[in-house]
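>>> Quick check, what structure comes out for this input:
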Amino acid sequence: MTEASSLKRSPTTPSTPRLAGDYNSKKFKGEFSSSPTKSGKNKTPSVKELMKENICQARELKKVKELLSFLELERKASMENYGT
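Predicted coordinates:
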C-alpha cells in the first residue's frame, strides 16, 4: 500500500509536461487568448476620449499662442528701449 500511494500522481501535476516556451504558458497567455470584451492597447478611442484629447490640445495651443504674443510684446518693448 505504501508503494502504490507513493507512485500516485498528485492532482496538481499535469499528465504531460509542458515546454518552457509553450504558447499556453503565462508569458504568452495574454497575447493569444485575450478576450474581445476586455479593453486592450489597440482599441479604438471613444468619442469621450477624443473630446477630452481635443480639449487638452486646444488648451495647450491657446497657452502657446498667449506665450508667443507675450514674447513678441517683450521683444518689441526691448527693441524700443534699446533704440532710445
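>>> And what about N81, helix, strand or coil?
When classified by DSSP: H, G, I helix; E, B strand; the rest coil, N81 comes out as helix.
>>> typo on my end, it should be K43
Under three-state DSSP, K43 comes out as coil.
>>> State the number of residues packed around it.
9 (other Cβ atoms under 10 Å). For every residue, glycine as well, the C-beta is placed using N, CA and C.
>>> quick thing: my sequence starts at 348, can you match it?
Sure, I'll start numbering at 348, so the last one becomes K390.
>>> looking at the protein, which helix or strand is least sure?
Within the chain, no helix or strand scores below helix 373-379, which has a mean of 56 by mean pLDDT, DSSP states H and E.
>>> Now stretch 420-431: average pLDDT?
Computed over stretch 420-431, the mean pLDDT rounds to 86.
>>> Export it to CSV, keeping only CA atoms.
These are the backbone C-alpha positions of stretch 420-431, laid out as CSV (Å, rounded to 0.1, in the frame of the first residue of the first chain):
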residue,chain,number,x,y,z
LEU,A,420,5.5,92.2,-27.0
GLU,A,421,8.6,91.7,-24.9
ARG,A,422,10.8,91.8,-28.0
LYS,A,423,9.1,95.0,-29.2
ALA,A,424,9.5,96.6,-25.8
SER,A,425,13.2,95.6,-25.6
MET,A,426,13.8,96.9,-29.1
GLU,A,427,12.2,100.3,-28.3
ASN,A,428,14.2,100.6,-25.1
TYR,A,429,17.4,99.6,-26.9
GLY,A,430,16.8,102.2,-29.6
THR,A,431,16.4,105.1,-27.2
